[in-house]
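*Asks:* what follows is a predicted structure for the sequence shown.
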Amino acid sequence: MSKRPSNAEIYCLQPLVVKERVGKWEVIDGQQRLTTIKILLAYLDKKMQSGLSTGLSIEYETRTEEASELRIGAKEFLNAISEEFVWTSDGKKTTAELAEKNIDFYHMQEAYNTINAWFATNANDESFCKTFKEVLCEKVHFIWYQTDDDPIKTFTRLNIGKIPLTDSELVKALFLNESNFKQLGSENEILLHQREIAMEWDAIEATLQDDEFWLFFHDYEPDYNKFHPTRFDFILELAFKMDELKLKQYILEEKNNSGQWDEQNWREFFGDDEHKVFRYFYEFFNLNKTNIANAIICPSNNLVTGFDFRLRDGLWKRLKKYFQILEEWYRDMTYYHYIGYLRAQKSKNTKWDIDSLFVEWNNGSRECFKTYILRQIEETISKCKDLNKEYGTSGNPKTQCYPLLLLFNVQTVIDQNDKLVKDIKYGLGAFYRFPFHLLKKEAKKVSGKGWEIEHIASNAGDDLDNDENKNAFLWTAAACADGELKKRIEAYFNKSDDSLSFDELRKQFDELRKQIEEQLYSFPEDKKNTIGNFTLLDSATNEEYQNDPFPIKRVCVLTKEQGHKAKKQPPNGGCVVRFDKTEEAIAFVPPCTKAVFIKAYTDMPEAWHTWTENDAVAYQKAIFKTLERFGVENPDTQSVHQANEQVKKEVRS
């Protein structure tokens, strides 16, 4: 209350479920909320000394004056709650006296006293109370839910478990309201339509609850289900954002004579809270209540909104259309992988928003849509098409090549599936899908760090400043080194601690380290931060081996994919590091990352103990061959061009 809310800020209370009576509304659910508002307004009216009533009158069916031993009903007590005395059939009595003798009056009086105490503590001047009342009356809304069903059955259904209703559940109740279908005929026909919509609704919800389906187009939020237990809300939100019911035009024409309309008006009309979508659908149902059956399931031109599309499809079919499009994208291998790739980008672009994709889908042919998404994919790799580009410099962080590495994985899967479809022996449409649900879940598994661009060939590291780190370095190297180098490492450990001076030991270690780096860490320094030495890896696995040589990384990565963590242990005799694989741990290893560590891109690997420049070149060529269609530049052509440029510079100098 430190400032008056803007027009767009509306606070929405939980639903007020009502049934229309002659000249009145029967409140089925929300009596306590309504009573509290009445008590709050009574306090504000008295404080402001306006002498004006808010006009809110509440009658209680079971708490009438006739039924009360105190000769006063709840309606009369509530109307006088801000006064010290109340007139009853037995004469003048104090509100405090009546509250002591009736449990309902007691709780009403306690609520009033609590309100009084709050205002006394926080702000008690008339100006504040006036602003508070204006905001309460203008900006605090109920979700107005009107029903024609049996009040007792409705109340029981809404209050079992006292779980707050989502917009999806509220809108579903609008669709399934029995009164919608009375004009269609017999009770059996009504039941048939209700069951058909309910079954289809539940089937859609069940599919959306499948993370493999959900996460190919939606971001992964670990707490999403906690706050959105129903995922059909996503479909309703799409329909709202795209104004599927064409209410924006209707409101402009009928309720906004100025002819000016913008998003602020839109938010002001429907609110900007978690129930704005329900109010949007409720407005449509309310406008078309005399012909709502036709609006839901049948073609009709008698709707208030009166737009041509209603001659073709009913509201339920229009809503199902959103799901059916998502389902088509999921089942088509090309759409699934390309849309999944766009939706998995770390840097967001409105062109890749799901509603933008729906607009493009609806505006043209399938071929036009495919052209659009291919153009967007090419845009995602605009900063990493040069396969010889060096990263890690100012303005070129290695995260820039994340889209390229992800696309390489995705396109590899697409190409494999295409070949399997063409092969008459298989004819499979989906031998393997790239698992976007695993990609996104893995990204949130380790402290939110997600995926890292990992060096395949590591640096030896500079943290060898104590015996423990030195020994670990040598043990690890001994597991990967060739026979001669391994013997030298063994000889180093077999030396008596007393036989050599500190300087002599340090000299021997430095010589060993140089030989180890030449054999196991020999990848060219100027190529260390290029795409030929990068791969996608989850943060947890990367942190487990850090700067270990290629063979150790290989063990850690492939073991993790099989469901175990390869933990390095000191030698048990000898000088070779051991692995403890008893701890269970699993991670999603992208297919091209796995291919890197088994050297699948190198026809005849010259050495398994290290990642060589030849391995990197073969890897780059595989990336180029796979992604050439997206404008990735040929690394061989680039190398020649760069060499020519260097010669020109030397000649000029």
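*Replies:* Great, that's in hand.

*Asks:* and what about the residue nearest to Pro435 when sequence neighbours are not counted, helix, strand or coil?
*Replies:* Nearest residue to Pro435, sequence neighbours excluded (CB to CB, 6 or more residues apart in numbering): Phe588, at 6.6 Å. Just so you know, the C-beta spots here come from the backbone N, C-alpha and C atoms, and that holds for glycine as well. Look at Phe588: counting by DSSP: H, G, I helix; E, B strand; the rest coil, its state is coil.

*Asks:* where is the longest strand in this protein?
*Replies:* strand 11-21 (DSSP state E).

*Asks:* residue boundaries of the strands in the protein?
*Replies:* For the chain, the strands defined by DSSP E occupy 11-21, 24-29, 85-88, 91-94, 140-146, 451-455, 534-538, 567-569, 578-580.

*Asks:* in this structure, which residue is closest to the centre?
*Replies:* Asp219 (3.6 Å; CA atoms, centre = their mean).

*Asks:* ok, it to Cys137 distance?
*Replies:* 38 Å (CB to CB, to the nearest Å).

*Asks:* low-confidence ranges in the stretch 451-600 of the chain?
*Replies:* 459-466, 495-500, 502 (pLDDT under 70).

*Asks:* ignore the last one, the stretch 201-350 of the chain
*Replies:* Using pLDDT under 70, the stretch 201-350 of the chain drops low at 252-267, 298-313.

*Asks:* hey, where'd the helices end up in it?
*Replies:* Remark: helices assigned in the stretch 201-350 of the chain by DSSP state H, counting those that start in this stretch are 211-214, 224-227, 232-241, 247-255, 263-270, 276-287, 292-297, 315-331, 333-343.

*Asks:* in a markdown table: those, plus distance to Trp475 and mean neighbour count.
*Replies:* Below are the helices of the stretch 201-350 of the chain laid out as a markdown table (distance: least, CB to CB, whole Å; neighbours: other CB atoms under 10 Å):
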| stretch | distance to Trp475 | mean neighbour count |
| --- | --- | --- |
| helix 211-214 | 41 | 17 |
| helix 224-227 | 45 | 10 |
| helix 232-241 | 52 | 20 |
| helix 247-255 | 69 | 15 |
| helix 263-270 | 63 | 16 |
| helix 276-287 | 60 | 21 |
| helix 292-297 | 72 | 22 |
| helix 315-331 | 49 | 18 |
| helix 333-343 | 41 | 21 |
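
*Asks:* of all the ones you listed, which one is nearest Pro549?
*Replies:* helix 333-343 (32.5 Å; CB to CB).

*Asks:* got the angle for the closest one vs helix 315-331?
*Replies:* Counting by axes from the mean of the first three to the mean of the last three CA atoms, to 10 degrees, helix 333-343 lies at 90 degrees to helix 315-331.

*Asks:* please list the outside residues in contact with helix 333-343.
*Replies:* Helix 333-343 is contacted from outside by 216-219, 328-330, 352, 354, 357, 370, 373-374, 376-377, 380, 406-407, 410-411, 413-414, 417, 429-430, 433-434, 436, using CB atoms under 8 Å, 6 or more residues apart in numbering.

*Asks:* mind checking which of these land in helices?
*Replies:* 328-330, 354, 357, 370, 373-374, 376-377, 380, 406-407, 410-411, 413-414, 417, 436 (DSSP state H).

*Asks:* show the buried residues in the residues you listed.
*Replies:* Burial by neighbour count, 16 or more other CB atoms under 10 Å: within those this picks out 329-330, 354, 357, 373, 376-377, 380, 406-407, 410-411, 413-414, 417, 436.

*Asks:* and the helices in the stretch 451-600 of the chain?
*Replies:* Taking DSSP H, counting those that start in this stretch as the test, the helices found in the stretch 451-600 of the chain are 467-480, 483-494, 502-520, 539-545, 550-561, 591-597.

*Asks:* how about the residue nearest to the centre of the chain, what does it touch?
*Replies:* Counted by CB under 8 Å, 6+ apart, Asp219 has contacts 343, 440.

*Asks:* low-confidence stretches in the stretch 1-150 of the chain?
*Replies:* Residues of the stretch 1-150 of the chain meeting the criterion pLDDT under 70: 1-10, 50-55, 62-71, 87-91, 124, 148-150.

*Asks:* list the contacts for the closest residue to Ala344 other than its chain neighbours?
*Replies:* Leaving aside its sequence neighbours, Ala344 sits nearest to Phe436 (CB to CB, 6+ apart; 5.7 Å). Residues counted as contacts of Phe436 (CB under 8 Å, 6+ apart) are 215-216, 340, 343-344.

*Asks:* next one, pLDDT for Phe436 please.
*Replies:* pLDDT recorded at Phe436 is 93.

*Asks:* equivalent analysis for Ile160, please.
*Replies:* 55.

*Asks:* my read: Ile554 touches Lys599, true?
*Replies:* Careful, residue 554 is Arg and not Ile. No. Using CB atoms under 8 Å as the test, Arg554 is too far from Lys599 to be in contact (9.0 Å).

*Asks:* the more surrounded of the two?
*Replies:* Each of Arg554 and Lys599 has its neighbours counted (other CB atoms under 10 Å); Arg554 has more, 23 against 20.

*Asks:* number of residues surrounding the spatially closest residue to that one that is not a sequence neighbour?
*Replies:* Excluding the flanking residues, the one nearest Arg554 by CB to CB, 6+ apart is Phe597, at 4.5 Å. Using other CB under 10 Å, Phe597 is surrounded by 21 other residues.

*Asks:* quick one: contacts for Phe597?
*Replies:* By CB under 8 Å, 6+ apart, the neighbours of Phe597 are 456, 550, 553-554, 557-558.

*Asks:* picking up where we left off before, export the helices of the stretch 201-350 of the chain to CSV and append columns for distance to Asn113.
*Replies:* Converted to CSV, the helices of the stretch 201-350 of the chain look like this (distance: least, CB to CB, whole Å):
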stretch, distance to Asn113
helix 211-214, 49
helix 224-227, 34
helix 232-241, 40
helix 247-255, 42
helix 263-270, 36
helix 276-287, 34
helix 292-297, 46
helix 315-331, 48
helix 333-343, 54
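
*Asks:* nearest to Asn79, of those helices?
*Replies:* Asn79 lies closest, by CB to CB, to one member of the helices of the stretch 201-350 of the chain: helix 276-287, at 30.8 Å.

*Asks:* what's next to that closest one, contact-wise?
*Replies:* 143-146, 167, 170-171, 174, 233, 236-237, 240, 245, 247, 250, 267, 270-271, 292, 295, 303-305, 315.

*Asks:* 6 Å - rerun?
*Replies:* Helix 276-287 has contacts (CB atoms under 6 Å, 6 or more residues apart in numbering) with 167, 170-171, 174, 236-237, 240, 245, 270, 292, 304.

*Asks:* and for the closest residue to Lys24 other than its chain neighbours, the neighbour number?
*Replies:* Spatial nearest neighbour of Lys24, excluding adjacent residues (CB to CB, 6+ apart): Glu59 at 7.8 Å. Other residues near Glu59 number 13, with proximity taken as other CB under 10 Å.
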